[in-house]
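Visitor: this is a predicted model, with the sequence first.
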Amino acid sequence: MCALLAAPVITHAQLGGLKNKIKDKVSSDEKNKTTETKTTASPQPENPPPAQTAPGPPPAAAKAKEPSPAAEAEIDFKQHPFPPTLKMSAMLEDGFKIHSDQPTPFFFLPRLIFLPTRDVAGHEVNYENEKYIYGVIKQGDKVLYKEYLEPIGNSVPEVGLKRSDRLEVERPANGLESGNYTCEVVLGGRTIFSMPFEMILVKNDDVYASEKEFRLMDGYWSKYGFISFTPDGLLLWNTYEANMDRKFVERGVSQSKDCKVEQQLFYNGQPVSKVDEASYSVPRGEWTLESTTLVNINSTKTTNYLKKEDLKDGAWVLKMKINGEQREYAFNVKGGKPEYIPEQDKTKTQDLAKVFEGTNKEFWVKRTR
C-alpha cells in the first residue's frame with residue numbers, strides 16, 4: 001500500500017513497544033517454564049509438533065501415575081467472578097496456527113482467562129501432566145486431532161497454555177483435506193471455546209514444481225474487529241487481515257500480499273477522525289493483526305489522536321477500504337465506553353463455547369457491511 005499520509009498510523013509492525021504495553025503478556029519468569037517462544041508477528045513454535053505418527057504405548061514396566069486428590073473431582077467453574085474462557089485475540093494472533101512443515105493446525109500459545117485452581121471439594125487442581133485441558137479439531141462430531149495443554153503458571157486473570165510434552169497427541173495420518181472444521185478447547189470435560197474454520201488444500205499439477213501442495217485456513221476473523229485503548233487512553237482500532245492467495249510461486253519469491261487501507265471513524269453520521277492511509281503485507285495462508293490510532297478531524301496536529309474520553313454516547317461507525325473493498329463496523333457507546341456485542345456479553349451469551357472473550361480491555365465489533 002502507499003506510504004502513510006498526514007494522519008499517522010500504527011500498524012502491527014510499527015506498534016513495537018506500544019503493543020507490549022497494551023497486551024497482557026505471560027510474565028517472563030513464567031515464560032521460562034515453556035520451550036515455546038513467540039518470535040515474530042506470525043509466531044512459530046521453537047520446537048514444531050512431532051511427526052504425524054501416533055505415539056506408541058508406554059513401556060510395559062511404566063508405573064501408572066497416582067491420581068491427584070482432584071483427579072476424579074469436578075473443577076470449580078464458579079471459583080472466580082467470571083467463568084473460564086479463552087481470549088479471542090490471543091487465539092487469532094498466536095493461539096492456533098498452521099505450520100509450513102505440518103499439514104495439520106496446532107495450538108501454539110492460547111491464553112485462558114480465569115482458570116480455576118481448585119475443584120468443587122476445595123482441593124487444589126494440579127494441571128501438570130493431567131488431562132484436564134485439551135484442544136481438538138473436529139469435522140462434524142468426529143475428532144480428528146487432540147492435543148493436551150498445560151497452564152504456564154497460575155496467574156490471574158490471564159494465563160498462557162502450552163502443549164504438554166509428556167502426554168500423547170492424536171493427529172490424523174494425513175493432513176486435513178479441503179472442508180469445514182471446528183477448533184475447540186475443553187476444560188474439565190466442558191467446551192469453553194469453539195471456532196469454526198475452513199481448510200483449503202491447493203495442489204500444484206506441475207510435475208517439476210518443488211512445492212506440490214499447501215494449505216490455507218480461513219474463518220470468521222475477517223468479520224470482526226475490536227476497539228482497545230493504550231495505557232495513555234489512546235483509542236486503537238484492530239482488525240485481522242488474511243492472505244488467501246492460492247497462486248504457486250518459485251521458492252525465494254515473496255508470497256506476501258500487499259494491502260492498502262483507508263479508514264475513518266464517524267459519530268452520528270459525521271466524521272470525527274481524519275482519513276488514515278496505510279500499507280502492510282500479510283504472509284500467505286496467515287492472518288495478521290493490524291492496529292491503528294485515529295487523528296481528531298479538527299486538529300492541526302498529526303499527533304492529536306482520539307482518546308477514550310472522546311467516545312460520546314451514541315452511534316459510531318468505522319469505515320474501511322482495503323484494496324478497494326468497502327467495509328463498515330457499527331457499534332454503540334453507552335456510559336462512555338463501547339457496548340458489548342451479544343457474543344461478548346456473558347449475560348446474553350452464557351454458552352462459553354460461543355463467547356468472544358476480551359475482558360474489559362477489548363470491545364469486539366461485528367462487520368455490518
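Guide: It's in. Everything quoted here is computed from the prediction, not taken from an experiment.

Visitor: check the secondary structure at the residue most central in space within the chain for me.
Guide: Within the chain, one residue has its C-alpha closest to the average C-alpha position: by C-alpha atoms, centre = their mean, that is Leu92, at 1.9 Å. Of the three states, Leu92 takes helix under DSSP: H, G, I helix; E, B strand; the rest coil.

Visitor: now the spatially closest residue to Lys223 that is not a sequence neighbour: how far from Gln326?
Guide: Distances taken as C-beta to C-beta, 6 or more residues apart in numbering place Arg367 nearest to Lys223, at 4.9 Å, with adjacent residues excluded. (Each C-beta comes from the backbone N, C-alpha and C, glycine too.) In this structure, Arg367 lies at 11 Å from Gln326, with C-beta to C-beta, to the nearest Å as the measure.

Visitor: looking at those two, which is more packed in?
Guide: For Arg367 versus Gln326, neighbours defined as other C-beta atoms under 10 Å are more numerous around Arg367 (16 against 10).

Visitor: can you name the residues that contact Phe226?
Guide: If you count contacts by C-beta atoms under 8 Å, 6 or more residues apart in numbering, Phe226 has them with 89, 238, 358, 362-365.

Visitor: and for Tyr340?
Guide: Counted by C-beta under 8 Å, 6+ apart, Tyr340 has contacts 363-364.

Visitor: next: Glu328.
Guide: Shown here is Glu328, whose contacts under the criterion C-beta under 8 Å, 6+ apart are 317-320, 367-369.

Visitor: coming back round to it: of the contacts of Phe226, which pair is most distant in space?
Guide: Farthest apart among those by C-beta to C-beta are Ser89 and Val365. That separation is 12.8 Å.

Visitor: could you point out where the stretch 101-250 of the chain is predicted with low confidence?
Guide: Residue ranges of the stretch 101-250 of the chain with pLDDT under 70: 101-102.

Visitor: what of the stretch 251-369 of the chain?
Guide: Using pLDDT under 70 as the threshold, the predicted model of the stretch 251-369 of the chain has low-confidence ranges 252.

Visitor: quick one, strands of the stretch 51-200 of the chain?
Guide: With DSSP state E, counting those that start in this stretch as the definition, the stretch 51-200 of the chain shows strands at residue ranges 85-86, 96-97, 106-107, 111-113, 133-139, 142-152, 158-163, 169-170, 179-187, 190-203.

Visitor: pipe those strands into CSV and attach mean neighbour count per row.
Guide: CSV is the format used below for the strands of the stretch 51-200 of the chain (neighbours: other C-beta atoms under 10 Å):
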stretch, mean neighbour count
strand 85-86, 24
strand 96-97, 23
strand 106-107, 22
strand 111-113, 25
strand 133-139, 20
strand 142-152, 19
strand 158-163, 23
strand 169-170, 17
strand 179-187, 19
strand 190-203, 17
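
Visitor: just to revisit the earlier point, so which of the contacts of Phe226 comes closest to Gln270?
Guide: Sorting the contacts of Phe226 by distance to Gln270 puts Val365 at the head of the list, at 18.8 Å, by C-beta to C-beta.

Visitor: ok, how many other residues are close to the closest one?
Guide: For Val365, which is what you asked about, the neighbour count (other C-beta under 10 Å) is 25.

Visitor: now for the helix or strand encompassing it, which elements pack on it?
Guide: Following DSSP states H and E, one finds Val365 within strand 363-366. The contact analysis (3 or more C-beta pairs under 8 Å, 6 or more residues apart in numbering; DSSP states H and E) places strand 363-366 against strand 224-229, strand 325-334, strand 337-338.

Visitor: just checking: what are the partner strands of it?
Guide: The sheet places strand 363-366 alongside strand 224-229 (antiparallel), with pairing taken from DSSP bridges.

Visitor: could you point out the helix or strand that follows the strand it pairs with?
Guide: Beyond strand 224-229 on the C-terminal side, the first helix or strand identified by DSSP H and E is strand 235-242.

Visitor: okay, now the sheet partners of that next one, with direction.
Guide: Applying DSSP bridges, strand 235-242 is found paired with strand 224-229 (antiparallel), strand 287-292 (antiparallel).
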